[in-house]
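# Here is my input, please return the structure:
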Amino acid sequence: MRKVLFVASVYDHLAAFHKPFINLLQGMGYSVHAAASPSMGRKEEVSSMGVTCHDISFERSPFSLDNIKAMKSLKELFNRTSFDLIHVHTPVASLLTRMVLRNREKEKVIYTAHGFHFYKGSSKLSWLLYFNAEKIAAKWTDGILIMNKEDYLNALRLGYKEGKVFMVHGVGVDNRLVDNPSLKIRGIKEELGISPDQKIVSFVAELNENKNHRYLLRNWKSILKRCPNTTLLILGKGNKELELKSYVEREKIENVCFLGYRNDIPYILEMSDVVTLLSKREGLPKSLMEAMIHGVPCVVTDIRGSRDLIKNNENGYVVPLDDDVSLTNAFIDILENDKLRNTMSQRAVKLVEPYLMSNVLREYEVIYRRFLENESGEKERQLS
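This is a model prediction of the structure:
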């Protein structure tokens, strides 16, 4: 049976984002393998799909010496197993894999850029390190999948020709709405002590520096002055959790609930009036697409990915990265104006349609067939 290999830094990434595409390839008759580190778990979730897993000790830091061992393991894998297509993900794992394959002509390699580590507003060091690394790796890449307009233009700057750059609508979101959610939502509100008439703002993101929770928290008192009957739900875990909780307690910020990890996020989105994501960097955030499916207006920062999904004054507001007045006014406008909120809700459902899983799967199938059904079998690498 012909084989396809998925490569990512951790199995968790593959389990979170790529199970539908694994199923797609299996349905096309291919045996799917995966190479990743088991350090963050979810390997069993991937292997239970009938995927052959190969543990590789990738480290996310490009400077880690452990990545030398990872490259050795990759060489051993490719020496004993031949693949018809290798689909690489995540910056370090994708770079190491392409380095190992740079002198091999039989394997086709496609790369999904979930968000380049160089972008408008990033440091000179990021551009120096990541741009140049990606420019070199472009020589060893047959095709690149891009998820937002800014990255598309940067892919062309890296040396990819337009025929090698494929614009896709992210990793897809499911449009199956919550079945009869009223009872479940009522239970969640009772659990959290939220009255039926309270407005809800949800912030779904890992608690880290990039997600920029402090931007909202430092303005939450101002929002509450105008919209006192509002609760902020912060969903997620991360290395900034204790710091953010301490800040809320120290500043005596009210109506904030840290919920940690939840397995009922669709219900929480369904009951939310506003969803927000105030990141400094994104590729194409799935949390915003999930909010749009539920018809929730969003307030986001003016960065790539987020502004691709949220159209200012249409399905939410796009605000600068450091403008307290604009941020505060955006939340107040939506929370105070039921008509505006309903209009934005309807627009959100319409704008998310291209990102629905059924549509995205069709995009990926066309791309996979292009590389897997090329009868000439010739290498299609884009040379600089």
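# Give me the helices and strands touching the helix or strand harbouring residue 275, please.
Assigned by DSSP states H and E, residue 275 falls within strand 274-277. The contact analysis (3 or more C-beta pairs under 8 Å, 6 or more residues apart in numbering; DSSP states H and E) places strand 274-277 against strand 199-204, helix 286-293, strand 298-301, helix 324-336. All C-beta spots, glycine's among them, are computed from the backbone N, C-alpha and C.
# Could you list the alpha-carbon positions for the longest one in PDB?
These are the backbone C-alpha positions of helix 324-336, laid out as PDB (Å, rounded to 0.1, in the frame of the first residue of the first chain):
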ATOM      1  CA  ASP A 324      -7.000  50.900  25.500                       C
ATOM      2  CA  VAL A 325      -9.700  53.300  24.300                       C
ATOM      3  CA  SER A 326     -10.400  51.300  21.100                       C
ATOM      4  CA  LEU A 327     -10.500  48.000  22.900                       C
ATOM      5  CA  THR A 328     -12.900  49.300  25.600                       C
ATOM      6  CA  ASN A 329     -15.200  50.900  23.100                       C
ATOM      7  CA  ALA A 330     -15.400  47.800  21.000                       C
ATOM      8  CA  PHE A 331     -16.600  45.700  23.800                       C
ATOM      9  CA  ILE A 332     -19.100  48.300  25.000                       C
ATOM     10  CA  ASP A 333     -20.500  48.800  21.500                       C
ATOM     11  CA  ILE A 334     -21.300  45.100  21.100                       C
ATOM     12  CA  LEU A 335     -22.500  44.500  24.700                       C
ATOM     13  CA  GLU A 336     -24.800  47.500  24.800                       C
END
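# For the nearest residue to residue 274 once chain neighbours are set aside, give me the pLDDT.
Counting by C-beta to C-beta, 6 or more residues apart in numbering, residue 201 is the residue found nearest to residue 274 once chain neighbours are left out, at 4.7 Å. We have a pLDDT of 98 for residue 201.
# just the one 5 residues further on next, same as before
Confidence at residue 206, expressed as pLDDT, is 94.
# What is the neighbour count of it?
Residue 206: 15 surrounding residues under other C-beta atoms under 10 Å.
# Please name the nearest non-neighbouring residue to it.
Counting by C-beta to C-beta, 6+ apart, the residue nearest residue 206 is residue 238, at 4.3 Å.
# hang on, the one you found is in a helix, isn't it?
No. Using DSSP: H, G, I helix; E, B strand; the rest coil, the assignment for residue 238 is coil, not a helix.
# Around it, how many other residues sit close by?
If we define neighbours as other C-beta under 10 Å, then residue 238 has 17 of them.
# partners of the residue nearest to residue 274 in the sheet?
residue 232, residue 274 (DSSP bridges).
# list the contacts for it?
Residue 201 makes contacts with 230-233, 272-276, 331, 335, as judged by C-beta atoms under 8 Å, 6 or more residues apart in numbering.
# what separates it from residue 51, distance-wise?
38 Å (C-beta to C-beta, to the nearest Å).
# Likewise for residue 129?
When residue 129 is compared with residue 51 (using C-beta to C-beta), they lie 32 Å apart.
# Have a look at the two and say which one is more surrounded.
More neighbours surround residue 51 than the other of residue 129 and residue 51, with 23 against 15 (other C-beta under 10 Å).
# Let me see the residues that make contact with stretch 133-144.
In contact with stretch 133-144 (C-beta under 8 Å, 6+ apart) are residues 62, 94-95, 98-99, 101-102, 108-113, 116, 118, 155, 158-160, 164-166, 367, 370-371, 379-384.
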